[in-house]
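Participant: 3D model of this:
(2 chains)
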2 protein chains.
Amino acid sequence: MLIHSASQLLTLAGGPQRGHDLGRLGIIENGAVLIRGEKIIAVGTTDELRARYPKEPLLDASGCVVMPGFVDPHTHVIWAGDRAAEFEMRLEGKHYLEILAAGGGILSTVRATRTAPIESLIAQTRPRLLRMFAHGTTTAEVKTGYGLQTATELRLLKALLLLDEEGPLELVPTFLGAHAIPPEFRDDPNGYTDLLCETMLPILRQWWETHAPGRPLPFVDVFCEKDAFDLEQSRRILTRARDLGFPLKIHADEFENLGGVSLAVELDAASADHLVKTSDADIAALGRSETVAVSLPCTPFGLAECEYTPAQKILDAGGILALATDCNPGTAWNESMQFVLALACRTMKLTPAQAIAAATINAAHAIRRADRIGSIEAGKQADLLILSVSDYRHLGYRFGTNLVRQVIKRGRVYSVEMGYYRTA
Amino acid sequence: MLIHSASQLLTLAGGPQRGHDLGRLGIIENGAVLIRGEKIIAVGTTDELRARYPKEPLLDASGCVVMPGFVDPHTHVIWAGDRAAEFEMRLEGKHYLEILAAGGGILSTVRATRTAPIESLIAQTRPRLLRMFAHGTTTAEVKTGYGLQTATELRLLKALLLLDEEGPLELVPTFLGAHAIPPEFRDDPNGYTDLLCETMLPILRQWWETHAPGRPLPFVDVFCEKDAFDLEQSRRILTRARDLGFPLKIHADEFENLGGVSLAVELDAASADHLVKTSDADIAALGRSETVAVSLPCTPFGLAECEYTPAQKILDAGGILALATDCNPGTAWNESMQFVLALACRTMKLTPAQAIAAATINAAHAIRRADRIGSIEAGKQADLLILSVSDYRHLGYRFGTNLVRQVIKRGRVYSVEMGYYRTA
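Facilitator: Model prediction:
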């Protein structure tokens, strides 16, 4: 299949984009992409590719931007129940940590998730995954972490493997047993840390061999934050995970700076995420590392806070910046990467080009898949978007709606009906 | 047709909601609505209405919120071209008034609009109207104002009448010849004010009789702001319009306080809109009036500014608060009222219930149509929404996507495909 006549084809070729190199879109005007099976075979101008492949079936993208599918490298999209009531509490002035201390917050979702059978978890999560896909996300990282006990955490992983198999959205699982201190360990966080290190992680390692043979190991992530896991507990969990062969991620500096970013860099984590209260020393460490800085602007937006990731400082330091939704039931129930871009442009002064690179090739690097997805290059998986606009800058400029017209996942075309209606 | 089994039917019955009375949703659990032709005939519980109307065709809304269609009482949704490039300029630090002074901003859209034939204006505007409709707006006010000369302003009005006729979104036109000082009058704003008062408004009055006989007169609106129309010019234009019989609106206090709100109250304008820099005295005046305070949170959001309408003060003063998109190509290209609600909850601390009332019954009052639309009551036009959620608080709580499942406009059902996809 030859997708042709794109007003702008954004290739994002050339690998992850560090520091102020961010924003190289690799634009081909009147661009074309040749896809066969699940792969991208060739990329060029429409004239070149039509001459070279004259008999190929055609997909007309005239008047449209064609770009890589969004990669969402940080989501908590599998959960049971909702927290609409808590949202009202926050409007009445309660802070997230206050709600957490009152047994609300994450723990109310933990209660709902623990009692949900796998069929219910899948049924509740599927529409969110379809919504992500319809808004242009072709691969998403998804974290467990609303179980906080072995059986539920593994049930969440099993559900993710089944949802990934079902498609079309491709899922990259992360084990986040260290999302919060479970109620049973309220007064003994070190006891839960021991359980994670000595029991849960080794069981996970074995479980994975049995249930996902041949698949890359999931990431192991820790919520390094006041009232969750302190720096020493985070270090123990991540070190143990690394020794078991897991690739690493960390939640750091969402509300307070505990030093999680430097820990992530030291342990060669794939990414350090949130990064609102990050110190200059930690930013400098990021700039010298391969650890991707994943900014989650929907979270301060969702909480109506005014402080966002110091993205410009991270770029100044030479860091690799990515964007994600953080889609979760507490602080940021938003499935759309397009909205993340709109927010990033306004709150962190990224240009649309920078935001697009942060949400595609750099986001792929944050989940260590940049060799396979995140750009339109020969040999990569055919995951791409056809937008209903002719200039990439409409991403960021416009907000609140969906500009995707078609999603192409592993070479298959899905038409998105956004913005249209029909008479019943 | 009997819409039945709604988990929550929000009636919004009882007229516009003043001050802290805002947020009376009139919830009926397991609710039902009987619709015949274009009208709502009866409202009650499912048990009541199914017993009373046993043979009626059914539309199942179980698991769904049913509510009035959104009314968007302030949009500039008819224009030609776009300003994606200017968006990048703003990210580089340029202020809106700076861009305006440099001949950009509104005037670049004016240039594009003046040269666009009516067919092109209609073709460019239609997808935006459909996008609004698919996100649940069933009636929208739309302003002219990118013509700033008689012929173009009337061409915009003509296009609006044709688009309204085409449907399904119902349009309420506003004449905003006083949107900016046109380039021909750069050094003579009083000259343009004279032209408006002595020529354009009287011509408009006659034109309307011929082209829209029997329709209510359009609103006349003025952009009362530094570098646009000062208070005295605004007073002249609005007074002349009132004397010709037009209902009034005003843009006031978006960037600076010129006293436009008190002028609006004095002249009994239907609404005063923007209201970011509004003084306490002006807020007190609003509180004693029938003039609706229309807040446009997408505009500061779009401009990445931190100051929003002082909504709590307006409620404290007893004002009638409404919400609108301000959809326009410069500062806020967003068609979705749902996103306005999400923003209003976070930036102005409205609860979801308050935001919903501000976007339905109070918004209808802002365009003086609250007798006909804005609530689900017997005798009103059958304009309503079936949401894909069972609790109204998901509006506000969730953001970035579309929660509408079906839009019912004048009794006709339109299925919205948001969040879904199909293989091409």
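Participant: got the confidence number for the nearest residue to A:Asp280 once chain neighbours are set aside?
Facilitator: Spatially, and ignoring its direct neighbours in sequence, A:Asp280 is nearest to A:Lys313 (7.2 Å; C-beta to C-beta, 6 or more residues apart in numbering or on different chains). C-beta here means a position set from N, CA and C on the backbone, and glycine is covered the same way. Looking at A:Lys313, its pLDDT reads 98.
Participant: give the contact list for the most centrally placed residue in chain A.
Facilitator: For chain A, the residue nearest the mean C-alpha position is A:Pro73 (2.1 Å; C-alpha atoms, centre = their mean). A:Pro73 is in contact with A:140-141, A:271, A:292, A:294, A:322, A:324, A:363-364, A:366-367, counting by C-beta atoms under 8 Å, 6 or more residues apart in numbering or on different chains.
Participant: did I read that right, A:Met200 in a strand?
Facilitator: No. Per DSSP: H, G, I helix; E, B strand; the rest coil, A:Met200 lies outside any strand segment and is helix.
Participant: surely it meets A:Pro182?
Facilitator: No. Assessed by C-beta atoms under 8 Å, A:Met200 is found out of contact with A:Pro182, at 11.1 Å.
Participant: neighbour-wise, which of these two wins?
Facilitator: A:Met200 (25 against 19; other C-beta atoms under 10 Å in any protein chain shown).
Participant: separation between that one and A:Leu148?
Facilitator: As defined by C-beta to C-beta, to the nearest Å, A:Met200 lies at a distance of 10 Å from A:Leu148.
Participant: which residues do the two both contact?
Facilitator: Shared contacts of A:Met200 and A:Leu148, defined by C-beta under 8 Å, 6+ apart, comprise A:Gly177.
Participant: distance check, A:Val220 against B:Ser62.
Facilitator: 41 Å.
Participant: wait, I meant A:Val66
Facilitator: To B:Ser62, A:Val66 is 41 Å away according to C-beta to C-beta.
Participant: who has more neighbours out of those two?
Facilitator: Each of A:Val66 and B:Ser62 has its neighbours counted (other C-beta under 10 Å); A:Val66 has more, 28 against 11.
Participant: spatially nearest residue to that one, not counting backbone neighbours?
Facilitator: Closest to A:Val66 by C-beta to C-beta, 6+ apart is A:Ala6, at 3.9 Å.
Participant: thought that neighbour was touching A:Leu59?
Facilitator: No. In this structure, A:Ala6 is not within contact of A:Leu59 by C-beta under 8 Å, at 10.0 Å.
Participant: higher neighbour count, those two?
Facilitator: Neighbours were counted for A:Ala6 and for A:Leu59 using other C-beta under 10 Å; A:Ala6 has more, 28 against 19.
Participant: quick check: residues of the stretch 201-350 of chain A near chain B?
Facilitator: A:298, A:301-302, A:304, A:306, A:333-336, A:338-340, A:345-347, A:349-350 (C-beta under 8 Å from any C-beta of the partner chain).
Participant: now, of those, which are buried?
Facilitator: Among those, those scoring as buried are A:298, A:301-302, A:333-336, A:338-340, A:345-347, A:349-350 (criterion: 16 or more other C-beta atoms under 10 Å in any protein chain shown).
Participant: redo the contacts of A:Pro73 as JSON lines? Include pLDDT.
Facilitator: JSON lines is the format used below for the contacts of A:Pro73 (pLDDT from 0 to 100):
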{"residue": "A:Ala140", "pLDDT": "98"}
{"residue": "A:Glu141", "pLDDT": "98"}
{"residue": "A:Ser271", "pLDDT": "98"}
{"residue": "A:Val292", "pLDDT": "98"}
{"residue": "A:Val294", "pLDDT": "98"}
{"residue": "A:Ala322", "pLDDT": "98"}
{"residue": "A:Ala324", "pLDDT": "98"}
{"residue": "A:Ala363", "pLDDT": "98"}
{"residue": "A:Ala364", "pLDDT": "98"}
{"residue": "A:Ala366", "pLDDT": "98"}
{"residue": "A:Ile367", "pLDDT": "98"}
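Participant: no more questions from me, cheers.
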